[in-house]
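# model the following, please.
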Amino acid sequence: QWFLNGAAIPGEVSATYTASLNGEYYVEITGQGGCPIESEPIFLLDGSTLESGSLVLIDLYNNTDGANWVNNGNWLTGDVNTWDGISVNGGRVTQIFLSGNNMNGNYPQSIGALSELEFFVVDNNSLTGSIPATFWDLNNLIQINLHDNEDLNWTIEAGIGTMTSLQVIRAFSTNLQGELPSDIGDAISLQELWLSDTQLSGSIPDAIGNATSLNFIELSDTQISGSLPSSIENLSSLETLYISNSQLSGEVPNQLANASALVNLNIRNNQLSGTLPDALWQLPNLEVLQVDYNSDLAVNLPANLSSLTQLTVLGISGVVPIGGPFPSEFYDLTNLTVLDAGGHSFTGTIDPAINNLTQLQGLWLFSNDLTGDFPDISSLTNLQAGSIAGNEFTFFPDVSGLSALGYFELTFNQLGFNSIIPNLGIPQLIYNPQFRRATIYDEVDPGGSLGLINPYTTAGNQHQWIRNVNDSIATTLDYSISDAST
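Below you'll find the predicted structure:
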C-alpha cells in the first residue's frame with residue numbers, strides 16, 4: 001500500500017507507483033505472516049525526487065515544529081518555490097527567510113547540504129541545538145541572520161575564511177561560544193559583524209585588519225579580552241566600532257585614528273588604560289565617542305573641542321579625572337544628544353549657555369565639585385534623563401514642564417525643598433539624601449541676643465529649631481536668641 005503525506009493512496013497496492021504530486025511517499029509491505037513493514041520516506045519535489053540538499057527543508061520543518069509556524073503556507077504540499085520564506089533558483093534552494101516565525105526546536109544538522117544557499121535568515125525564533133561545522137562550507141552565503149535565538153549553541157569555525165561572498169553576520173543574543181578564528185580576515189566581502197550579547201571570548205585576531213570591507217563591528221557585552229589590534233587602521237571603510245561592556249585591556253592604539261571613516265566609537269566599560277589618542281578627536285566624521293568607565297584611561301580634551309560640533313554623543317565619565325573648571329566648550333557642541341561627564345572633579349558653576357544644547361536627551365554631570373544655582377534649562381525640551389548627584393548645588397530649577405523627562409537624580413547636593421517639591425511630578429526623581437549646608441558658627445556674650453536666619457524659605461516648609469541636639473525650641477521660620485546661655 002502506497003501512502004502520500006501519511007494517507008493511503010486508494011487502489012495503489014502494487015510494488016511500484018508513478019508519483020505526480022509533491023509530498024512525502026512511502027510504501028507499506030505486509031508479508032504472509034501479516035506483519036507490515038514501512039519503507040524509508042521518499043520525497044517528491046517539482047516532479048522529481050528531492051536531492052539531499054533540498055531534504056534539509058523537510059528536516060527544518062520537522063525539527064522546528066513547522067506545523068505551528070506563523071508562516072508555513074504550502075510547505076510539504078506545493079512547489080518548493082511557493083513555500084513561505086523559500087526562494088529557489090535553478091532547482092536549488094538559495095534563500096531562507098523565516099524571521100520571527102515561531103520556530104521551536106533543534107537546529108537541523110543537515111543544513112550544510114544547502115550548497116547554493118545565499119541568504120539564511122532565521123532570527124527571532126527559539127532555535128536550539130548546534131550549528132554543524134559543515135555550515136561554514138556554504139561558500140555562496142551572503143547574509144546570515146541568527147540573532148535572538150538565545151539557546152542556539154554554536155561557534156564560528158575556521159572555515160569562515162573560505163566564505164568569500166559573505167557580507168553580513170547578525171548573530172547577537174545567541175549562545176555563541178569560543179573565539180573569533182584567525183582566518184576571519186580572509187572573508188574579504190564581510191561588511192557587518194554583529195556578535196554582541198554572546199559568550200564570545202578570546203582576543204580580536206590581528207588578521208581582522210585584512211577584512212577591509214568591514215564597516216560595522218559590534219562585539220559589546222561579550223567576554224572579548226586582550227587589546228584592540230593596531231591592524232584596525234587598515235579598515236578604511238569602518239564606520240562603527242562597538243565593543244562596550246567587555247574585557248578589553250591595554251592601551252587604545254594610536255593607529256585607530258587612521259580608520260578615517262569612523263563615525264561611531266563605543267569602547268566604554270572595559271579595562272583600557274594609558275591615554276586616549278589625541279588624534280581620535282580629529283576624525284572628520286566622528287559623531288559618537290564613548291570611552292567612559294575605563295578607570296585607568298586618561299582623556300585629554302582637545303584645544304579645538306568647541307569646533308567639534310558634529311559630536312552627538314560624548315561619554316567620558318568614570319575615566320581618570322580631568323579636574324579644573326567646567327569646560328565651557330561643552331556649550332558649543334550644539335548637536336549633542338548625550339553629555340556624560342561625571343566623576344571629573346570639575347569646579348565652578350553651570351552657565352545658562354547649557355541651553356544651547358537643545359538636542360540633549362541625557363545630561364550626566366554627577367560626582368563633580370560644581371556649586372551655586374543650577375540654571376533654568378527649560379529650553380532642553382528633548383531631555384529624558386540626567387544626574388547632577390554628588391555636587392554642591394544649592395538650587396535646582398523647576399523642570400517638571402519638560403514632558404520627555406522621566407528620570408533625574410539630585411542626591412548629595414545642598415538642595416532645599418524649593419528645589420525638590422516643584423519637581424516631584426518627574427516619574428523618577430531621586431532626591432534623598434542631601435548634604436547639609438555649611439554650618440555658620442556665631443558667638444554671643446552671655447546674656448546677649450542673636451537672630452538666627454533660616455536659609456530654607458520656600459512657602460509651605462515646616463520648621464523645627466533644635467538646641468543641643470535634643471531640645472525642640474521653636475517652629476518659626478527664623479529664631480531669636482535672647483539672654484544667651486549655653
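# which residues touch the longest helix seen in the chain?
What stands out as the longest helix in the chain, according to DSSP state H, is helix 55-63. By C-beta atoms under 8 Å, 6 or more residues apart in numbering, the residues outside helix 55-63 that reach it are 24, 43, 50, 66, 72, 75-76, 80, 83, 86, 93, 96, 105-111, 113-114, 129. Every residue, glycine included, has its C-beta placed from N, CA and C.
# what sits against the residue nearest to residue 388 when sequence neighbours are not counted?
The spatially closest residue to residue 388, leaving aside those adjacent along the chain, is residue 365, at 5.1 Å (C-beta to C-beta, 6 or more residues apart in numbering). By C-beta under 8 Å, 6+ apart, residue 365 lies in contact with 339, 341-342, 346, 350, 386-388, 391.
# how about residue 229?
Residue 229 neighbours (C-beta under 8 Å, 6+ apart): 203-206, 208-209, 253.
# select the helix or strand of this protein having the lowest average pLDDT value.
strand 48-49 (a mean of 46; mean pLDDT, DSSP states H and E).
# the longest strand along the chain - contacts with which helices or strands?
Scanning the chain for the strand with the most residues, using DSSP state E, yields strand 23-30. Where contact means 3 or more C-beta pairs under 8 Å, 6 or more residues apart in numbering; DSSP states H and E, strand 23-30 is packed against strand 2-4, strand 36-38, strand 42-45.
# can you list these in TSV and add mean pLDDT, distance to residue 264 and mean neighbour count?
Output for these, formatted as TSV (pLDDT from 0 to 100; distance: least, C-beta to C-beta, whole Å; neighbours: other C-beta atoms under 10 Å):
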stretch	mean pLDDT	distance to residue 264	mean neighbour count
strand 2-4	89	55	19
strand 36-38	87	58	10
strand 42-45	67	46	18
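# switch these over to a markdown table; also include distance to residue 449.
A markdown table is the format used below for the helices and strands packed on strand 23-30 (distance: least, C-beta to C-beta, whole Å):
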| stretch | distance to residue 449 |
| --- | --- |
| strand 2-4 | 109 |
| strand 36-38 | 110 |
| strand 42-45 | 104 |
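# closest to residue 369 out of these?
strand 42-45 (73.8 Å; C-beta to C-beta).
# can I get the CA coordinates of the longest helix of the chain in PDB?
Provided in PDB are the C-alpha atoms of helix 55-63 (Å, rounded to 0.1, in the frame of the first residue of the first chain):
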ATOM      1  CA  LEU A  55      15.800  17.400   2.000                       C
ATOM      2  CA  VAL A  56      17.100  19.900   4.600                       C
ATOM      3  CA  LEU A  57      13.900  21.900   4.300                       C
ATOM      4  CA  ILE A  58      12.000  18.800   5.400                       C
ATOM      5  CA  ASP A  59      14.400  18.500   8.400                       C
ATOM      6  CA  LEU A  60      14.000  22.200   9.200                       C
ATOM      7  CA  TYR A  61      10.200  21.800   9.200                       C
ATOM      8  CA  ASN A  62      10.100  18.700  11.200                       C
ATOM      9  CA  ASN A  63      12.800  19.700  13.700                       C
END
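# next structured bit after that helix?
Per DSSP states H and E, the first helix or strand lying C-terminal to helix 55-63 is strand 86-89.
# how about the helices in the chain?
55-63, 417-420.
# can you list the residues that contact the shortest one?
So that's helix 417-420. 395-397, 410, 429, 431, 456-458, 460-461.
# could you single out the nearest of these to residue 10?
Closest to residue 10, out of all of the contacts of helix 417-420 and judged by C-beta to C-beta, is residue 429, at 75.8 Å.
# which strand residues bridge the closest one?
residue 408 (DSSP bridges).
# got the confidence number for it?
On the pLDDT scale, residue 429 is placed at 98.
# picking up where we left off before, with pLDDT and neighbour count as added columns, please give the contacts of residue 365 in a markdown table.
Formatted as a markdown table, the contacts of residue 365 follow (pLDDT from 0 to 100; neighbours: other C-beta atoms under 10 Å):
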| residue | pLDDT | neighbour count |
| --- | --- | --- |
| 339 | 98 | 24 |
| 341 | 98 | 22 |
| 342 | 98 | 22 |
| 346 | 98 | 22 |
| 350 | 98 | 23 |
| 386 | 98 | 24 |
| 387 | 98 | 21 |
| 388 | 98 | 24 |
| 391 | 98 | 27 |
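# can I get the residues you listed in CSV including distance to residue 123?
Compiled in CSV, those are given as follows (distance: C-beta to C-beta, whole Å):
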residue, distance to residue 123
339, 34
341, 37
342, 36
346, 44
350, 45
386, 34
387, 35
388, 41
391, 44
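# can you tell me which of the residues you listed lies closest to residue 375?
Nearest to residue 375 among those, with distances taken as C-beta to C-beta, is residue 350, at 5.9 Å.
# quick check: phi and psi at residue 223.
Dihedral pair for residue 223: phi -100, psi 20, per degrees, to the nearest 10.
# doesn't residue 245 make contact with it?
No - using C-beta atoms under 8 Å, residue 223 is not in contact with residue 245, being 10.3 Å away.
# and these two? Which one has more around it.
residue 245 (18 against 14; other C-beta atoms under 10 Å).
# picking up where we left off before, of the contacts of residue 229, which pair is most distant in space?
The two members of those with the most space between them (C-beta to C-beta) are 205 and 253, at 14.6 Å.
# count the neighbours of residue 7 for me.
Neighbour count for residue 7, taken as other C-beta under 10 Å: 8.
# all good on my end, thank you.
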